[in-house]
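Asks: Dropping the sequence and predicted coords here.
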Amino acid sequence: MADALREYRNLVGGELRTAEGGGTLDSVDPATGEVWARIPRSGAEDADAAVAAARAAFPKWSGMPAAGRAHYLRKVAGVFAKHAAELAELETRDNGRTINETAKRDLPGMTYLWTNAAAECAAAVEGRTVDFGPGSLGMTRREPYGVTLGIIPWNSPISTFSAKAAFALAAGNTVIIKPAEQASVSSLRLGELLADVLPAGVLNVVSGLGEEVGDPLVRHRGVNKISLTGSVETAKLITRASADALKPLALELGGKSPNIVFADADLDRAAVGVTTQAIFTANAGQICYGGSRVLIQRPVYDEMLHRMKEIAATVRLGDPMSDETTMGPIVSREQFERVTSYLEIGRKEGAELVFGGRFGAEAVEDERFAGGYWVEPTLFATEDNGLRICQEEIFGPVAVVLPFDTEDDAVAIANDSSYGLAAGVWTSDLGTAQRMFRRLETGTVWVNTFRKVMFPLEGVKDSGYGHDSVLAYTREKAGLIEF
Ligand code: NAD
């Protein structure tokens, strides 16, 4: 049985390779709790090999005319167009995200993302000229950093991989991607598909544990820029580990996004916006900008809560590969235990459980999935934003509902958070919308919508800084010529 498991390999220097030490890690299907694939457990030697390959490929890739790089990136977009269904299925199997999300939402967008990156190759090499008077000309040119490292989380691997690789490559960098150990399969398969599409060493994919292969990559003198999407704890480790070499970092981290419903809002829209759009069917709440704190103005509090419960009751847990399933499992046992521990914490803190709360086999009807990591859509209600369930990122389908009276109250509660990734506002008043946009301390504010991603998705406070875009993967060099 074990021998039948598919074993994936790293992509290093254009070759598919097992880890130098021969080690592997099991990849678990979170819908069943069963091992379904194996991935390389890479270490420092694999990190060295990936950096050497990326460095060797850098002069030719960065020296190529922008139109040449654009040509390659369009070929990558073509790979997505051809293999989208396969990649979507692998990702669904590996991290439990429903096929509705991977096949219909994520993968189609990747063709656009890579095509768009191809179109931006020229902008990445545009400089400026400054006239300093006769006989003196100032100018700038944009240059790539060199070898960039993209460290990605498990919750949406292909899109995070793509945002880091496509823009960095467009700017003339070569790239190493380190996927998360809980869900590396779709990234490794993408590496396989691109092995013959991109020149050797331009893109490398190396899987394994953060401390075993991520850390050596972060510390490696041959890596020139790091972009992490992950947790605050990992961001701090990476900041310390890269400090000696003063490496530029981009840190896209967690969130505890407020989703604020004013009494004048269109309640039909808002009810969908604060439930399925923001937290429940949205990757089972495993999204960094999930609207996990729902603030409701008191006159419509009871009505909104009633509607939210009605919508939560329609969420269908079950086979992630089925079109009818609207919410999948939690990605891993460890994360499942973390999410369910917050159900206990919420109760102990005195929050009222107003919907859901069941987990494991009790949360899913289909017996085939009894061993999976299921958590029901869950709603707590409280007036105290200081509770741990209101302050800490749970990263599961658990939202807290809080009442507020005035706009000032809403702003105070919303900004009372160590995070600052995104916020939602539901109102029919343009003035309220505009004031809230200014007053909320978050990188993104959505009004009368949620989770429509615009680039850059950049946080403030503990949600990090920096983002992935073509220009963010270049630096501007200044020159002054006198003649
Ligand atoms: P994580 O921080 O545990 O892991 C992220 C990546 O870092 C993994 O690839 C991991 O192997 C690697 N890593 C861990 N320790 C490392 C080390 N010492 N050196 C180098 N690499 C190391 O995060 P996760 O649990 O995979 O993902 C969930 C987190 O990601 C949540 O906090 C979520 O909010 C955040 N996230 C943020 C965004 C965003 O755009 N802001 C998007 C998705 C997820």
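Replies: Sure thing, it's come through.

Asks: Which helix or which strand is home to Pro403?
Replies: In the assignment (DSSP states H and E), Pro403 maps to strand 398-404.

Asks: Show me what the mean pLDDT comes to for the following helix or strand past that strand.
Replies: Following strand 398-404 in sequence order, the next helix or strand is helix 407-415 (DSSP H and E). For helix 407-415, mean pLDDT rounds to 98.

Asks: Contacts made by the helix or strand just after helix 407-415 with the rest, please.
Replies: Counting by DSSP H and E, the element after helix 407-415 in chain order, helix or strand, is strand 419-420. Contacts of strand 419-420 from elsewhere in the structure, counted by Cβ atoms under 8 Å, 6 or more residues apart in numbering, are 253-257, 393, 441-443, 459-463. Heads up, the C-betas are built off the backbone N, CA and C, glycines and all.

Asks: In the stretch 51-200 of the chain, which residue sits nearest the ligand?
Replies: Pro153 (3.0 Å; Cβ to the nearest ligand atom).

Asks: that older thread, greatest separation within the contacts of strand 419-420: which pair is it?
Replies: Glu393 and Glu441 (16.3 Å; Cβ to Cβ).

Asks: out of these two, which sits in the more crowded spot?
Replies: Taking neighbours as other Cβ atoms under 10 Å, Glu393 and Glu441 compare with Glu393 leading, 23 against 15.

Asks: what about the residue lying closest to that one once chain neighbours are set aside, is that helix, strand or coil?
Replies: Nearest non-adjacent residue to Glu393, counting by Cβ to Cβ, 6 or more residues apart in numbering: Gly254, 4.3 Å away. What DSSP: H, G, I helix; E, B strand; the rest coil gives for Gly254 is coil.

Asks: and Gly254, how many residues sit next to it?
Replies: Number of residues near Gly254 (other Cβ under 10 Å) recorded here: 25.

Asks: Distance check, it against the ligand.
Replies: Counting by Cβ to the nearest ligand atom, to the nearest Å, the gap from Gly254 to the ligand is 3 Å.

Asks: Now for that residue: which residues touch it?
Replies: Contact analysis of Gly254 by Cβ under 8 Å, 6+ apart lists Ser231, Val232, Cys288, Glu393, Phe395, Tyr419, Leu421, Asp462, Ser463.

Asks: Neighbouring strands of the worst-scoring helix or strand of the chain on mean pLDDT in the sheet, and parallel or not?
Replies: Sorting the helices and strands of the chain by mean pLDDT, DSSP states H and E puts strand 129-131 at the bottom, at a mean of 93. Strand 129-131 pairs in its sheet with strand 136-144 (antiparallel), by DSSP bridges.

Asks: The next helix or strand after the partner strand pairs with which strands, and in what direction?
Replies: Sequence-wise, the next helix or strand downstream of strand 136-144 (DSSP H and E) is strand 147-151. For strand 147-151, the pairing partners within the sheet under DSSP bridges are strand 174-178 (parallel), strand 225-229 (parallel).

Asks: okay, these in JSON lines with mean pLDDT next?
Replies: Formatted as JSON lines, the entries for these read as follows, by pLDDT from 0 to 100:
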{"stretch": "strand 174-178", "mean pLDDT": "99"}
{"stretch": "strand 225-229", "mean pLDDT": "98"}
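
Asks: circling back: so how far is the least confident helix or strand of the chain from its chain's centroid?
Replies: Chain-centre distance of strand 129-131: 39 Å, with Cα atoms, centre = their mean, to the nearest Å.

Asks: Leu25 touches Gln182, doesn't it?
Replies: No - the criterion here is Cβ atoms under 8 Å, and Leu25 misses it with Gln182 at 9.4 Å.

Asks: counting contacts, what elements does the helix or strand containing Phe167 pack onto?
Replies: Using DSSP H and E, Phe167 sits within helix 157-170. Applying 3 or more Cβ pairs under 8 Å, 6 or more residues apart in numbering; DSSP states H and E, we find helix 157-170 packed against helix 66-95, helix 107-119, strand 147-151, strand 174-178, helix 185-194, strand 225-229.

Asks: interface residues of this structure facing the ligand?
Replies: The chain comes close to the ligand at residues 151-155, 178, 180-181, 210-211, 214-215, 218, 229-231, 234, 237-238, 252-255, 288, 393, 395, 421, 457, 459, as judged by Cβ under 6 Å from any ligand atom.

Asks: Which ChimeraX command selects the buried ones in the residues you listed?
Replies: Buried subset of the residues of the chain next to the ligand, written as a ChimeraX selection, criterion 16 or more other Cβ atoms under 10 Å:
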select :151,152,153,154,155,178,180,181,210,214,215,218,229,230,231,234,237,238,252,253,254,255,288,393,395,421,457,459
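
Asks: With respect to Gln434, which of the contacts of strand 419-420 is nearest?
Replies: Top of the list for closeness to Gln434, among these and by Cβ to Cβ, is Thr442 at 15.2 Å.

Asks: returning to that earlier point: looking at the contacts of Gly254, which are in helices?
Replies: Here DSSP state H is the test, and these give Val232 as lying in helices.
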